[in-house]
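Colleague: generate coordinates for the sequence data below:
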Amino acid sequence: MLSSLVTALKLPDLRKKIIWTLVLLGIFRIGNLVPVPGPWNPAVLDNLFGNNSNLFGFLDLMAGGALRRMSIFALTVNPYITASIIMQLLQIVIPKLQELAKEGTEGRKIINQYVRYATVVLAIIQGTAITIGLQANGAIQNPSLWDFVLIVLSLTAGSVLLLWLGEIMTERGIGNGVSMIIFGGIVARLIPSSIEVLGRMGDKGIAGISIFSIIGFLIIAVLIVAGVVFVTQGERKIPVQYAKRMVGRKMYGGGSTYLPMKVNQASVIPIIFASAVLSFPPTLAQFLPATHGLAKFLHLFDPGRFLYLTFYAILIFVFTYFYTAVSFNPVEVADNMKKYGGFIPGIRPGKSTAEYLDKVLGRITFAGAIFLTAISLMPYLIMYLPGFYGLPVYFGGTALLIAVGVAIDTMKQIESQLLMRQYEGFLK
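Modeller: Numbers count the residues shown, from 1 in each chain. Below is the predicted model of the structure:
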């Protein structure tokens, strides 16, 4: 792998892409140190974002620590991700968007423009919600109307700037720019936090455990990462045979291939949906007095509580099936195969093929749903193991899935660049 990296750096065009990616990631990390102007209370901010068992701590993890500092990149690219998901769902119910999606590159450009407009709107909404939540918790000291507006505008501008940096990274760097920005933020937050956990575990006065527990913790972390890589790469290959066709005097088509159906077809989308839905109860509780009966009930859904974990698991399982059904249409796939003369050996083209694909999809989706549910609950479950109680363990959940997925995609892109030049790549 190291020799392949050296080879990649020797190629001028590939080296230029890597440098572009590193420079833009550096700008992102520098921007995380630029604070949003406002009458902040640093002690309250550190208390709110210092614990990943609450909503603010989870958001800070996804922002790479930017929320704890209240930097201009505190929203990161979350508004863009939300806008992209909403637009993808709207393509199913709005015929006009369906037509644009089928028009190829030009149609995608128009849809991407709609996503950018929606990103600005959602950034304003999310920035306003976070500002109100921080004010309710005392993190902002007696803000004026101008302070409120300035904070929201700064957060919105930072999110839009990150989207622009991500598009430049996609065009001139390696990998998807938006994904790389999320990856950079998560890694920047995960590594220091993990080192902190190991340090606290090594202190017998705090955790009361030995060096063997630290080794056990590292083994668990490696096994979790290996499991995520294994399932993320896992797919069911459906063999497809194409019949030969006579066009004029020439014979076209023929041969065999396969239809890949990924085990984790929905990726991290169900976890994001479930987190978004369950963020409403604790958010509403912030606007009520602590002694109010409804506030006490809503706090039962705080991250880490029993009701939260129960509904979290149920929603992830249900959303996995829902999003998989939205993103993969067996009837449409079967019709396209029939249109181009393709068929699955032993299965009649058309309706029988669609039923077969739907049956296979249901089985592998069940495995994918179990995997997503288990990996999302992993950080909470590890904290209840002997010696780990109360420690902010970050292995698992959305952060790990995104980090591993982006790392694999980036390695594949570098691999493809090297293979085009007939060099041995990373995945050998």
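Colleague: what residues sit buried inside stretch 342-352?
Modeller: Along stretch 342-352, these residues count as buried under the neighbour rule (16 or more other Cβ atoms under 10 Å): 342-344, 347, 349. Heads up, the C-betas are built off the backbone N, CA and C, glycines and all.
Colleague: and whichever strand or helix holds A123, what other elements does it pack with?
Modeller: Counting by DSSP states H and E, the element that carries A123 is helix 105-136. Secondary-structure packing of helix 105-136 (3 or more Cβ pairs under 8 Å, 6 or more residues apart in numbering; DSSP states H and E): helix 78-93, helix 95-101, helix 145-172.
Colleague: any idea of the mean pLDDT for it?
Modeller: Averaging pLDDT along helix 105-136 gives 86.
Colleague: now do it: distance to the chain's middle.
Modeller: Offset of helix 105-136 from its chain centre (Cα atoms, centre = their mean, to the nearest Å): 17 Å.
Colleague: and stretch 175-193, by the same measure?
Modeller: With Cα atoms, centre = their mean, you get 10 Å for stretch 175-193.
Colleague: confidence score at L153?
Modeller: The predicted local confidence for L153 is 93.
Colleague: can you pull the contacts of it?
Modeller: G127 (Cβ atoms under 8 Å, 6 or more residues apart in numbering).
Colleague: that older thread, next, the angle from the helix holding A123 to helix 78-93.
Modeller: Put simply, helix 105-136 runs at 130 degrees to helix 78-93, going by axes from the mean of the first three to the mean of the last three Cα atoms, to 10 degrees.
Colleague: strands of the stretch 151-300 of the chain, start to end?
Modeller: 235-242, 244-247, 250-253, 256-262 (DSSP state E, counting those that start in this stretch).
Colleague: which SS state does R348 fall under?
Modeller: Put simply, R348 is coil when judged by DSSP: H, G, I helix; E, B strand; the rest coil.
Colleague: list the buried ones in stretch 289-305?
Modeller: Buried-residue list, stretch 289-305, by 16+ other Cβ under 10 Å: 295, 298-299, 301-305.
Colleague: buried set for stretch 130-142?
Modeller: Buried residues in stretch 130-142 (16+ other Cβ under 10 Å): 130-135, 139-140.
Colleague: in the stretch 51-200 of the chain, where is pLDDT below threshold?
Modeller: Applying pLDDT under 70 to the stretch 51-200 of the chain picks out residues 51-64, 190-200.
Colleague: cutoff 90 now
Modeller: For the stretch 51-200 of the chain, residues meeting the criterion pLDDT under 90 lie at 51-112, 125-148, 166-167, 169-200.
Colleague: just the buried positions in the helix holding A123, please.
Modeller: Across helix 105-136, burial judged by 16+ other Cβ under 10 Å covers 111, 115, 118-120, 122-124, 126-128, 130-135.
Colleague: which among the buried residues of stretch 130-142 gets closest to S327?
Modeller: Closest approach between those and S327, by Cβ to Cβ: I130, at 29.7 Å.
Colleague: pretty sure that closest one contacts N78?
Modeller: No: applying Cβ atoms under 8 Å, one finds I130 not in contact with N78, separated by 10.3 Å.
Colleague: burial check on V77, number of neighbours?
Modeller: 27 (other Cβ atoms under 10 Å).
Colleague: then K10?
Modeller: Neighbours around K10, by other Cβ under 10 Å: 10.
Colleague: if I look at it, how far off is K17?
Modeller: K10 is 13 Å from K17, where distance means Cβ to Cβ, to the nearest Å.
Colleague: got it, and A367?
Modeller: For A367, the distance to K17 - Cβ to Cβ - is 36 Å.
Colleague: which one's more surrounded, those two?
Modeller: K17 (20 against 14).
Colleague: how about I408: what's its closest non-neighbour residue?
Modeller: T232 (6.4 Å; Cβ to Cβ, 6 or more residues apart in numbering).
Colleague: return the distance of that neighbour relative to V326.
Modeller: T232 sits 20 Å away from V326 when distances are taken as Cβ to Cβ.
Colleague: looking at the two, which has the bigger crowd around it?
Modeller: For the pair T232 and V326, the greater number of neighbours falls to T232 (19 against 14), based on other Cβ under 10 Å.
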